[in-house]
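**Q** how would this look folded up:
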Amino acid sequence: MIMPEKRQLTLGQMKVGQTGTVVQVLSDLGFIGHRGSGFMRRHGPGFMRRHGPGFVQRLEALGIRPGKKVAKVSSTLFRGPVTLRVDNAEVAVGFGMANRIIVEVDTST
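**A** This is a model prediction of the structure:
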């Protein structure tokens, strides 16, 4: 039996209609688990502001956490929000946030 090939993309890199499983959430410092150390976000050229574990809690409140199945519903051009389906709800996350969510996508033919 041939097993489907798996690859990892950020939520921002996924194509509309693709589905996958959230693998991890990244910060500029690396992996953030359920009780991660914090999150760095760019605010203007070169300026960084630290976000605490509340960032992970916000994602979890939306149902976005490692092990969850997601489907990309839509995205807009030029760094706009990304809409995805988690469980039976559609949620939108910002472009920067979407690029810090790593998803294992099924690429079977």
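
**Q** what sits against Arg65?
**A** For Arg65, the contact set (C-beta atoms under 8 Å, 6 or more residues apart in numbering) comprises Val22, Val25, His34, Val56, Leu59. Yep, even glycine has a C-beta here, placed from its N, CA and C like the rest.

**Q** which SS class is the second one?
**A** Reducing the assignment at Val25 to three states with DSSP: H, G, I helix; E, B strand; the rest coil gives strand.

**Q** any idea what Lys69 is bridged to?
**A** On the basis of DSSP bridges, Lys69 is bridged to Thr21.

**Q** how far away is it from Asn99?
**A** 19 Å (C-beta to C-beta, to the nearest Å).

**Q** more neighbours: those two, which one.
**A** Comparing Lys69 with Asn99 by other C-beta atoms under 10 Å, the one with more neighbours is Asn99, at 16 against 13.

**Q** ok, Ile102 touching Val25?
**A** Yes: the criterion here is C-beta atoms under 8 Å, and Ile102 meets it with Val25 at 7.3 Å.

**Q** which of those two has more neighbours?
**A** More neighbours surround Val25 than the other of Ile102 and Val25, with 23 against 19 (other C-beta under 10 Å).

**Q** all helices of the protein, in order?
**A** Listed in chain order, the helices of the chain (DSSP state H) span 54-61, 95-98.

**Q** I'd like the ones you listed as TSV, with mean neighbour count and distance to Ser74 appended.
**A** Shown next, in TSV, are the helices of the chain (neighbours: other C-beta atoms under 10 Å; distance: least, C-beta to C-beta, whole Å):
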stretch	mean neighbour count	distance to Ser74
helix 54-61	16	19
helix 95-98	18	12
